[in-house]
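> Generate coordinates for the sequence data below:
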Amino acid sequence: MALAEASGRPTDARQHASKAYIVLDEMADGLPAEAANAFWAEPMRRDVRERALLEKRTAAVSNEKVSQSFVSQRS
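Presented below is the predicted three-dimensional model:
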């Protein structure tokens, strides 16, 4: 993720963060709440989680804008 970002490949970095988040989320899924909070408090995991969630929000906003544009054009 960091290497892709440093190499000027932001798309790859976003994909790596999303894939890493999936793995980490599966690991944290079975933990008790306190342990899961501690798991996600670790700085590198927190960074991966924040990047992945930001990517999801950005994609959702982008998809919404495309949908609105499409509706506007058809009206």
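
> Any regions of the protein where pLDDT drops low?
Residue ranges of the chain with pLDDT under 70: 1-6, 60-75.

> Pick out the residue closest to the middle of it.
Nearest to the mean C-alpha position of the chain, by C-alpha atoms, centre = their mean, lies Ala52 at 1.1 Å.

> Which residue, other than its chain neighbours, is closest to that one?
Tyr21 (3.4 Å; C-beta to C-beta, 6 or more residues apart in numbering). In this view, the C-beta of every residue, glycine as well, is placed from N, C-alpha and C.

> Quick check, the one you found in contact with Glu50.
No. With contacts counted by C-beta atoms under 8 Å, Tyr21 stays clear of Glu50, the gap being 9.3 Å.

> Who has more neighbours out of the two?
More crowded of Tyr21 and Glu50, by other C-beta atoms under 10 Å: Tyr21, with 19 against 13.

> By neighbour count, which bits of the helix or strand harbouring that one are buried? Give me those.
Assigned by DSSP states H and E, Tyr21 belongs to helix 10-29. By 16 or more other C-beta atoms under 10 Å, the buried positions in helix 10-29 come out as 13-14, 16-18, 20-21, 24-25, 28.

> Which elements pack onto that helix?
helix 2-6, helix 33-41, helix 43-74 (3 or more C-beta pairs under 8 Å, 6 or more residues apart in numbering; DSSP states H and E).

> Alright, I will stop here.
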